[in-house]
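Undergrad: would you be able to build a 3D model of this:
(one chain, ligands or ions: 2)
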Amino acid sequence: MTTDELRESLLMKPTNGYTSLTAEQRTEMEGYSKRYMAFMDACKTEREATAWAVREAEKLGFKPFVSGMEVKPGDKIYYNNRDKSIALAVIGTEPLSKGANICAAHVDSPRLDIKPNPLYEDAEIAYFKTHYYGGIKKYQWTTVPLALHGVVYRKDGTVVTITIGEDDSDPVLMVSDLLIHLAADQMRKTAAEVIAGEQLNVILGTEPIEGEGADLVKLNIMKLLNEKYGLVEADFQSAELTVVPAGRCREVGLDRSLISSYGHDDRVCAYAELEALFTISQPAKTAVCILADKEEIGSVGISGMQSHYFEHFMGGLCDAQGVKLEDCFAASFCLSADVSNAFDPNFPETCDRRNNSQLNYGISICKYTGSRGKGGASDASAEAMGHVRTTLNNAGVLWQIATLGKVDQGGGGTVAAYMADRNIVTVDAGVPVLSMHAPLELVSKLDCYETMLACKAIYLA
Ligand code: MN
Ligand code: MN
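TA: Ligands and ions are numbered 1, 2, ... in the order given. Just a heads-up that it's a prediction; the model follows:
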């Protein structure tokens, strides 16, 4: 054998997905990207993503889960968890004792949440106080256009939905930064301290209402909110209002190969899972799609992946088939679909290049996340990795290996550990992202498309 032949038979040869992309696949990829971008423009919060999923699922014949309901092969069922997360299932021809094929992504993203007592006036400028949610570089959130999204539970018990800053005719909101001319002290601080959490105050207005007092600008803002939404100041105490980057997805690059958006992490995987599920009618095993909340703060709370709402849903489906939930979980597989860090040549020192995901090389499969000595990771077994490898290869899906940065550089987690805690074999996988957790993140169209194909292959495995 020549060395070329040996290389061919023994060594891996990763290739850029564009080298094998057919014209037909390109058309599908572009169509998929357009649908994904429309989803992202409509969904910037977990509530909006959940509402979107419910709406689209119902169009396709999905029915809401009811405890004690009958369940037969081909049935499409969803569980709306308090409008903030959702699990959807297409019932398989095999009983749930054979396990389910699950894809689990999250639909919450880093942002600035409005504090419970947010509205104040200082130097005749009205502001909202905020508390950041998830891991952010705080300085990135100044001087960018921001929008207000959320719901308020009013005194009379009615709930009003608020979206300001997304329509072209809407005003946007903003956090100011210090002018460079006077920033001598600020520029000597570390990046973590350049903008403090308590400086992320969102400007709401500057015009005083006619009258006497030291709160005329604040009063004017409250009056505007009252006229449009019927709010009084005390209503903020029962509200979930959040500030996110304003504006739409854009194609990026002269070749339009990338997409910029707020919140690719992790709605890029959430959308892939959903669209893949929506193409399935009669899988062998029950296919389950999870869009979880609260991943960015540890998967906690009633809408997070640690919540027993998932047992309520899956237990209900199992009961209908006379199957023990424990037996179902023990035989199930979960793809924990969450983004990875794409290799960034501007910061090569942060990664082990041989083990990092790269743009346009397909969905990245992550054996473990975690930090330090794999702390907090759900370290997938050889068998679990083998299952994914075989499934994706058989389906012709382009995939690559990922690790989150070089050893001891940092780290992170996903919902994987909480699925594995349920005795479900779990592997992390997702779309490589540049500028993760920044107000605008970047992904490649090709990787988005391959991730949807991967989810479909996992559902049908
Ligand atoms: Mn994520
Ligand atoms: Mn994240």
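Undergrad: make it CA atoms for all contacts and neighbour counts henceforth
TA: Will do.
Undergrad: and the end-to-end length of stretch 395-409?
TA: This stretch, stretch 395-409, spans 35 Å end to end (C-alpha to C-alpha, to the nearest Å).
Undergrad: correction: the previous question concerned stretch 64-71.
TA: Stretch 64-71 has its terminal residues 12 Å apart, counting by C-alpha to C-alpha.
Undergrad: give the buried residues for it.
TA: Neighbour-count burial for stretch 64-71, counted by 16 or more other C-alpha atoms under 10 Å, picks out 64-65, 71.
Undergrad: adding distance to ligand 1, write these out as CSV.
TA: Shown next, in CSV, are the buried residues of stretch 64-71 (distance: C-alpha to the ion, whole Å):
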residue, distance to ligand 1
P64, 27
F65, 27
V71, 32
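Undergrad: which residue does the stretch 1-150 of the chain bring closest to ligand 1?
TA: Nearest residue of the stretch 1-150 of the chain to ligand 1, counting by C-alpha to the ion: H106, 6.6 Å away.
Undergrad: what's near enough to touch that residue?
TA: When contacts are counted by C-alpha atoms under 8 Å, 6 or more residues apart in numbering, H106 touches 265-267, 269-270, 290-295, 338.
Undergrad: which residue sits closest to it, ignoring its sequence neighbours?
TA: Among residues not flanking H106 along the chain, A292 sits closest, at 4.3 Å (C-alpha to C-alpha, 6 or more residues apart in numbering).
Undergrad: ok, now P110?
TA: Per C-alpha to C-alpha, 6+ apart, closest to P110 is G134, 4.6 Å.
Undergrad: quick one, grab the pLDDT at that neighbour.
TA: What the model reports for G134 is a pLDDT of 97.
Undergrad: low pLDDT regions in the protein?
TA: Along the chain, the model assigns pLDDT under 70 to no residue.
Undergrad: could you list the contact residues of it toward ligand 1?
TA: 265-266, 338 (C-alpha under 5 Å from the ion).
Undergrad: what is the nearest of those residues to L96?
TA: L96 has its nearest neighbour among those in D338, at 25.3 Å by C-alpha to C-alpha.
Undergrad: before we move on, the earlier item: weed out the non-buried ones from the residues of the chain next to ligand 1.
TA: Using 16+ other C-alpha under 10 Å, the buried ones in these are 265-266, 338.
Undergrad: out of the residues you listed, which are inside helices?
TA: Among those, the ones falling in helices (DSSP state H) are 265-266.
Undergrad: can I get the buried ones among the residues of the chain next to ligand 1 in a markdown table with distance to G375?
TA: Putting those into a markdown table (distance: C-alpha to C-alpha, whole Å) gives the following:
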| residue | distance to G375 |
| --- | --- |
| D265 | 22 |
| D266 | 22 |
| D338 | 18 |
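Undergrad: for the longest helix belonging to the chain, buried residues please.
TA: The longest helix of the chain (DSSP H) is helix 23-42. Within helix 23-42, the residues that count as buried by 16+ other C-alpha under 10 Å are 29, 32-33, 36-37, 39-41.
Undergrad: show me which pair in the residues you listed is furthest apart.
TA: Pairwise distances across the buried residues of helix 23-42 peak at 18.3 Å for M29 and D41 (criterion: C-alpha to C-alpha).
Undergrad: residue contacts, the residue nearest the centre of the chain?
TA: Nearest residue to the geometric centre of the chain (C-alpha atoms, centre = their mean): D266, 2.1 Å. Applying C-alpha under 8 Å, 6+ apart to D266 gives the contacts 105-109, 338-339.
Undergrad: buried sites along the lengthiest strand in the chain?
TA: Ranked by residue count and defined by DSSP state E, the top strand of the chain is strand 111-122. Buried residues in strand 111-122, counting neighbours by 16+ other C-alpha under 10 Å, are found at 111-116, 118-121.
Undergrad: residues touching it, excluding its own?
TA: Counting by C-alpha under 8 Å, 6+ apart, 126-134, 136, 215, 217-218, 233-234, 236-244 sit against strand 111-122.
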